[in-house]
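Novice: Pasting a predicted model and its sequence here:
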Amino acid sequence: MKLTSVKIFLCLCLMFHLVSCQSTKKTNSNDKTYNGSIGTQLTPYQDAEKYLESKRSDSSVYWGDGIADISKDIGKGKIEARLRAMNALAEQIKIKVSSDFKMIISQNSMTDKKGYSADVKKSITQKLETYTNQVLTNLKESKLFIDYPKEGSATYVVYISRKEYEDKVRNDLNRKKQLITDTIKSGDKEFAAGNYVAGINLYVQARQLKQSFFGLIPIYYDIDGDGQADELTICINERIRGFFNNTKLSLLNDSFQYDSEGIPETLPRVYVQYTDSAGEKHHVSGLTLKPSFVKGGGRISRIITGDYGEVEVPVSRINPKSREVLLRLKVDIAKIKGVKEIAAGCSHSLVIKMKRKKTIALAISFINHKKNVVPGNIKEKIASLMLDNKYSVIHTPFKRESEIKNSRNVNADYIFFVSAKTTGEGAVGQYANMFTSHCGANIKVYKMPLKSQAFSGNIENAQGFGVSIESAGWDAFGKISESIVKKAEKIIEGIK
């Protein structure tokens with residue numbers, strides 16, 4: 001029984017071995033092709049030579065191949081062959097990209113620029129790698145050959161059409177360069193039309209495009225049509241700097257004064273002109289000017305030149321404590337985005353001097369029977385004389401000379417003090433309702449800020465009568481009023 005079981009077991013083993021060998025032999029007989037696991041359609045072995053030869057002679061494609069051993073691990077071998085093929089194509093593409101890149105940046109290889117800085121060389125290398133990787137991204141054109149060129153090896157072929165390469169590299173580089181040069185030329189057209197601010201904005205835009213597309217890499221093009229290749233960044237910078245270096249501000253009027261409250265009598269008018277390479281002057285409209293106070297202070301609004309390059313400087317209020325202010329105007333390059341880093345220090349400035357009008361602080365004191373009163377009619381007449389003589393007038397409450405000497409922060413060039421006082425007051429004879437009073441006056445002018453006495457004058461006494469001592473004092477004052485005004489007029493003219 002045991003012998004029979006052993007025989008059956010041996011028979012089964014023999015059958016399994018025969019089936020296994022037959023299966024192995026059948027697989028080996030068809031192993032000229034292999035359906036790989038990375039999505040590649042396999043090509044029959046007998047077509048490999050013909051296929052490779054067709055690629056070698058096909059001028060419409062760039063291709064690369066890689067060979068690897070698959071005798072031990074076909075999966076790993078296929079991956080290695082594909083990687084080698086990709087590297088071979090990458091080297092070929094990189095050489096082509098480098099050649100085209102040089103053509104683009106130096107305009108038909110007019111010059112072979114050497115001596116680049118380390119940063120520029122690094123930028124070029126990075127740009128070449130970027131374009132090479134861009135060409136090889138999502139590469140679909142590939143073939144795999146098993147047991148070629150010999151049994152136990154695999155050959156992987158990858159390729160890309162020249163048209164696709166040119167779309168991704170050469171045409172892209174040309175489009176970017178063309179966009180930059182077209183933008184510069186548009187800026188030139190705006191300049192030719194007198195639209196300088198619009199032209200500057202286009203130059204800045206061209207510079208930003210160049211930096212975005214090519215970074216530090218110098219790009220050459222005959223932008224002026226003179227047969228000489230210009231480096232575009234230098235060309236743009238020279239245009240921008242040239243404009244600001246040759247744009248100047250000038251005044252259309254002069255003699256600017258403000259009153260004792262800081263309100264200007266006349267506002268400065270500024271004219272902005274650009275001088276071109278031929279020496280011709282052109283007005284510049286739409287340009288923002290930046291105001292700042294070098295000396296003193298005040299309020300001023302934003303300034304933009306009008307259609308003919310003119311603008312009124314809108315100073316609304318100046319600190320009246322300042323006898324003089326200096327206002328500086330310059331082109332506000334910060335208002336044009338991207339210009340400051342190019343044209344810093346290129347902008348001319350204009351300094352405008354504004355002076356406070358000579359100001360007289362007027363004080364009138366009339367002590368009538370020990371009461372200090374202000375005669376309004378005299379005050380108005382004297383103030384009018386001062387205004388007629390181009391002085392600014394402020395009214396002060398000083399009643400005594402001691403108050404003037406102890407005063408502080410009087411915002412004036414002179415203090416004009418008129419003091420009148422009644423004396424010799426009393427009744428007239430035996431009349432119960434008749435009184436008399438004498439009144440004299442004195443005028444003193446103090447020069448500020450030291451309060452030194454500059455002018456003085458006396459008005460002779462006059463006698464007045466009235467039904468009361470106060471009315472007699474007013475009568476006496478009225479009799480010297482005209483003399484006070486005439487004396488004040490002479491002193492005011494003397495100050496002038």
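Specialist: Received, thanks. All of these numbers come straight from a predicted model, not from anything done at the bench.
Novice: how far does stretch 433-444 sit from the chain's center?
Specialist: Centroid displacement of stretch 433-444 relative to its chain, using CA atoms, centre = their mean, to the nearest Å, is 71 Å.
Novice: One more: stretch 171-187?
Specialist: Stretch 171-187 sits 24 Å away from the centroid of its parent chain (CA atoms, centre = their mean).
Novice: Check what contacts that stretch and list those residues.
Specialist: With contacts defined as CB atoms under 8 Å, 6 or more residues apart in numbering, stretch 171-187 is touched by 100-101, 104, 131, 199-203, 205-206, 209-210, 213-214, 219, 221, 223, 232, 235-236, 239. No exception for glycine: its C-beta is placed from N, CA and C like everyone else's.
Novice: So which of those belong to helices?
Specialist: Judged by DSSP state H, the subset of these located in helices is 100-101, 104, 131, 199-203, 205-206, 209-210, 213-214, 232, 235-236, 239.
Novice: Just the buried subset of those, written out for PyMOL, thanks.
Specialist: Buried residues within the ones in helices among the contacts of stretch 171-187, by 16 or more other CB atoms under 10 Å, are selected in PyMOL with:
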select buried, resi 100+101+104+131+199+200+201+202+203+205+206+209+210+213+214+232+235+236+239
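Novice: residues touching K447, list them.
Specialist: By CB under 8 Å, 6+ apart, the contact list for K447 reads 413-414, 453-454.
Novice: Could you identify which of the residues you listed has the most neighbours?
Specialist: Most neighbours among these, by other CB atoms under 10 Å: Y414, with 22 neighbours.
Novice: Give me the spatial nearest neighbour of that one, chain neighbours excluded.
Specialist: Counting by CB to CB, 6 or more residues apart in numbering, I360 is the residue found nearest to Y414 once chain neighbours are left out, at 4.8 Å.
Novice: Could you do E460 as well?
Specialist: Spatial nearest neighbour of E460, excluding adjacent residues (CB to CB, 6+ apart): G440 at 6.5 Å.
Novice: May I see the buried residues of the strand or helix carrying that neighbour?
Specialist: Element membership for G440, per DSSP states H and E: strand 435-447. Residues of strand 435-447 classed as buried: 435-446 (neighbour count, 16+ other CB under 10 Å).
Novice: So what are the sheet partners of it and their directions?
Specialist: If you go by DSSP bridges, strand 435-447 pairs up with strand 414-427 (antiparallel), strand 452-466 (antiparallel).
Novice: L350: which of those strands is closest?
Specialist: strand 414-427 (32.2 Å; CB to CB).
Novice: pretty sure F416 is in contact with M448, am I right?
Specialist: No: using CB atoms under 8 Å, F416 makes no contact with M448, being 11.1 Å away.
Novice: just to revisit the earlier point, what residues are bridge-paired with the residue nearest to Y414?
Specialist: Legend: beta-bridge partners of I360 under DSSP bridges are V393, Y414.
Novice: Please work out how many residues are found near it.
Specialist: By the criterion of other CB under 10 Å, I360 has 26 neighbours.
Novice: ok, it touching K390?
Specialist: No: the pair I360 / K390 is not scored as a contact, 10.9 Å apart, by CB under 8 Å.
Novice: Find the pair from the contacts of K447 with maximum spatial separation.
Specialist: Top of the distance list for the contacts of K447 (CB to CB): D413 and Q453, 14.2 Å.
Novice: follow-up on the earlier one: most packed of the strands paired with strand 435-447?
Specialist: Highest mean neighbour count among the strands paired with strand 435-447 (mean count of other CB atoms under 10 Å): strand 414-427, with a mean of 19.
Novice: Measure how far it is from the centre of its chain, please.
Specialist: The answer for strand 414-427 is 65 Å, by CA atoms, centre = their mean.
Novice: Render the CA-only coordinates of it in PDB, please.
Specialist: Coordinates of the C-alpha atoms in strand 414-427 are reproduced here as PDB (Å, rounded to 0.1, in the frame of the first residue of the first chain):
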ATOM      1  CA  TYR A 414       7.600 147.000  15.200                       C
ATOM      2  CA  ILE A 415       5.300 148.100  18.100                       C
ATOM      3  CA  PHE A 416       3.600 151.400  17.400                       C
ATOM      4  CA  PHE A 417       2.400 152.800  20.700                       C
ATOM      5  CA  VAL A 418       0.200 156.000  20.900                       C
ATOM      6  CA  SER A 419      -0.400 157.200  24.400                       C
ATOM      7  CA  ALA A 420      -2.500 160.100  25.400                       C
ATOM      8  CA  LYS A 421      -3.400 161.400  28.800                       C
ATOM      9  CA  THR A 422      -5.500 164.200  30.300                       C
ATOM     10  CA  THR A 423      -4.100 166.600  32.700                       C
ATOM     11  CA  GLY A 424      -5.200 169.900  34.400                       C
ATOM     12  CA  GLU A 425      -8.700 168.700  34.900                       C
ATOM     13  CA  GLY A 426     -11.200 170.900  36.800                       C
ATOM     14  CA  ALA A 427     -14.200 173.100  36.900                       C
END
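Novice: can you give me the mean pLDDT across it?
Specialist: Per-residue pLDDT over strand 414-427 has a mean of 94.
Novice: Same check on stretch 144-163?
Specialist: Computed over stretch 144-163, the average pLDDT equals 89.
Novice: Kindly report the same for stretch 68-79.
Specialist: 92.
Novice: Dump it to CSV, restricted to CA.
Specialist: Taking Å, rounded to 0.1, in the frame of the first residue of the first chain, the C-alpha atoms of stretch 68-79 are listed here in CSV:
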residue,chain,number,x,y,z
ALA,A,68,20.6,49.3,-19.3
ASP,A,69,21.0,45.7,-18.2
ILE,A,70,17.7,43.8,-17.5
SER,A,71,19.0,40.3,-17.0
LYS,A,72,18.6,40.5,-13.2
ASP,A,73,15.7,42.9,-12.7
ILE,A,74,13.7,43.9,-15.8
GLY,A,75,11.7,46.6,-14.0
LYS,A,76,14.7,48.3,-12.5
GLY,A,77,16.6,48.0,-15.8
LYS,A,78,13.8,49.7,-17.8
ILE,A,79,13.7,52.6,-15.4
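Novice: could you measure I480 against H438, distance?
Specialist: To H438, I480 is 10 Å away according to CB to CB, to the nearest Å.
Novice: should've said D332
Specialist: Shown here: D332 relative to H438, a distance of 68 Å by CB to CB.
Novice: K127: which element?
Specialist: Following DSSP H and E, one finds K127 within helix 118-136.
Novice: try N171
Specialist: Judged by DSSP H and E, N171 forms part of helix 170-192.
Novice: report the angle between the axes of that helix and helix 118-136?
Specialist: On the basis of axes from the mean of the first three to the mean of the last three CA atoms, to 10 degrees, helix 170-192 is oriented at 130 degrees to helix 118-136.
Novice: buried set for helix 170-192?
Specialist: So, applying 16+ other CB under 10 Å, buried residues of helix 170-192: 170, 172-173, 176-177, 180-181, 183-184, 186-188, 190-191.
Novice: can you map out the helices along this structure?
Specialist: Assigned by DSSP H, the chain shows helices spanning 2-29, 48-56, 74-105, 118-136, 162-168, 170-192, 196-214, 232-245, 340-343, 376-388, 401-405, 469-495.
Novice: Just tell me which of those helices ends up closest to L326.
Specialist: helix 232-245 (22.6 Å).
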